[in-house]
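**Q** With the input below, show me the fold.
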Amino acid sequence: MNTTTLNIKEVFPKDWLSNKGGGDIYISAYHCLTNIFDKSQKPYYIGEVLDAKYLIVKTEYQYQEIVTEFNGIEGGIPQFKSEIKSKTTKETPIIMFLLKHAGFTESEVLHQLQASRGLMTLIEGENSHYWHLTDRVVHFPKENDSVLGKSQKSPEKSIAFLNAIRVDNFSKSIQQLDEGLRNKIYLALRWIDGAKHEQNSLDEFLKLWFAIETLIMPDTSNIKPIREFLENAYSFNSDTVNSTFNIGKIFNLRSKIVHDGANIGIHSQLIEYLKALIYDYLCYLCKSSFESKALGVINNKEYPAYEWMP
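**A** Predicted coordinates for the structure are as follows:
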């Protein structure tokens with residue numbers, strides 16, 4: 001950013017840094033479709049949205065981006081190569097969201113950023129930050145950067161299509177169901193696809209739970225149909241289902257997030273468990289070979305259930 005007219009430290013409060021001028025500031029930058037500079041006498045605009053300060057400036061913006069390339073599979077393990085590349089935008093409006101990073105976890109900062117962007121979208125429209133450029137953490141007082149990669153989840157341990165191609169058979173079975181049920185499955189699969197691309201595990205959890213609600217819960221306040229499905233699919237009695245699968249505890253977690261606004265860290269294994277529940281239900285629905293995936297996640301000794309189950 002051209003700092004001849006503005007120092008980045010003028011954008012955020014002084015108390016975001018320590019008495020000695022040290023501290024970390026999270027900056028998320030985007031293209032901004034605006035004509036605000038046609039009306040403003042300054043070459044920049046500073047504002048505040050919730051916990052974030054934002055800066056709109058018309059300039060060439062130099063930034064670095066982490067680019068990850070897939071280099072094939074060796075010994076059954078996916079291989080990736082990452083490198084940092086420098087880029088420069090044309091002289092167009094850029095909006096930067098700035099948040100205090102020191103003293104907060106990564107999840108808390110992302111929660112604040114997403115809430116700030118959400119309000120900006122609601123009030124000013126999607127063009128206020130329509131194309132993401134980069135995220136970085138600036139370390140003061142030296143003002144050196146740590147470039148953050150865009151959301152890139154670690155690959156699963158099992159490579160795709162390892163045990164022959166099963167998706168074709170699932171697809172044929174789904175297409176043979178009645179239209180109403182097919183529509184519910186399609187919507188649930190959209191939630192699953194959306195969850196895959198979420199940066200925040202809390203949002204991923206919610207979208208997977210919404211998929212479960214769409215598939216199994218006609219009344220979203222009643223988890224009895226999930227328990228009945230597990231009783232039938234696993235041939236367990238109701239007490240065993242309740243003590244093994246803990247659906248009630250997961251539903252309570254969902255309620256705390258949705259109704260109380262709780263910002264809770266979600267363990268990656270809980271995400272896998274919800275996906276396994278959905279997989280089990282589709283197997284049950286499509287009368288496919290039942291693999292007991294949900295129980296397998298619970299019994300995984302590498303990640304004991306007491307570490308991640310609510």
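
**Q** From now on I want contacts and neighbour counts done on CA atoms only, so please keep to that.
**A** Noted.

**Q** Would you check how far apart the residue nearest to Cys286 when sequence neighbours are not counted and Leu50 are?
**A** Excluding its sequence neighbours, the residue lying closest to Cys286 (Cα to Cα, 6 or more residues apart in numbering) is Ser173, at 5.6 Å. Counting by Cα to Cα, to the nearest Å, the separation of Ser173 from Leu50 is 48 Å.

**Q** re earlier: now the residue nearest to Cys286, what's its secondary structure?
**A** Following DSSP: H, G, I helix; E, B strand; the rest coil, we place Ser173 in the helix state.

**Q** separation between it and Asp15?
**A** 60 Å.

**Q** domains for this structure, by residue range?
**A** Here the domain parsing of the chain from automatic domain parsing is 8-148, 167-308.

**Q** Going by mean pLDDT, which of the ones you listed comes out lowest?
**A** Ranked by mean pLDDT, the domains of the chain bottom out at domain 8-148, with a mean of 85.

**Q** how far out from the middle of the chain is that domain?
**A** 17 Å (Cα atoms, centre = their mean, to the nearest Å).

**Q** before we move on, what about stretch 192-200?
**A** 5 Å.

**Q** Check which residues of that stretch are buried.
**A** Neighbour-count burial for stretch 192-200 flags Ile192, Ala195, Glu198, Asn200 (criterion: 16 or more other Cα atoms under 10 Å).

**Q** What is the nearest of those residues to Asn263?
**A** Ranked by distance to Asn263 (Cα to Cα), the buried residues of stretch 192-200 are led by Asn200 at 10.6 Å.

**Q** and the closest one, what is it in contact with?
**A** Applying Cα atoms under 8 Å, 6 or more residues apart in numbering to Asn200 gives the contacts Ser107, Leu110, His111.

**Q** how far away is it from Arg166?
**A** As for Asn200, its distance to Arg166 is 29 Å (criterion: Cα to Cα).

**Q** For this structure, which segments count as strands?
**A** Ranges of strands in the chain, per DSSP state E, are 23-31, 44-49, 52-59, 62-74, 77-88, 92-100, 131-140, 144-148.

**Q** of all those strands, which lies closest to Asn242?
**A** Asn242 sits nearest to strand 77-88 of all the strands of the chain, at 36.9 Å, using Cα to Cα.

**Q** Pull up the pairing partners for the closest one, direction included.
**A** With DSSP bridges as the test, strand 77-88 is paired with strand 62-74 (antiparallel).

**Q** With just CA atoms, put the partner strand into CSV.
**A** In CSV, the C-alpha atoms belonging to strand 62-74 read as follows (Å, rounded to 0.1, in the frame of the first residue of the first chain):
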residue,chain,number,x,y,z
GLN,A,62,1.2,-5.2,-3.4
TYR,A,63,0.6,-8.5,-1.6
GLN,A,64,1.8,-12.0,-1.3
GLU,A,65,-0.2,-15.2,-1.8
ILE,A,66,0.5,-18.7,-0.8
VAL,A,67,-0.1,-21.0,-3.8
THR,A,68,-0.5,-24.7,-3.2
GLU,A,69,0.0,-27.2,-6.1
PHE,A,70,-0.9,-30.9,-6.1
ASN,A,71,2.1,-33.0,-7.1
GLY,A,72,0.5,-36.4,-7.3
ILE,A,73,0.4,-39.4,-5.0
GLU,A,74,3.4,-41.3,-3.6
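
**Q** Would you indicate which residues of that strand are buried?
**A** Neighbour counts over strand 62-74 (16+ other Cα under 10 Å) mark Tyr63, Gln64, Glu65 as buried.

**Q** Make CSV out of the strands of the chain and add distance to Glu228.
**A** Below are the strands of the chain laid out as CSV (distance: least, Cα to Cα, whole Å):
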stretch, distance to Glu228
strand 23-31, 46
strand 44-49, 46
strand 52-59, 46
strand 62-74, 41
strand 77-88, 38
strand 92-100, 46
strand 131-140, 44
strand 144-148, 44
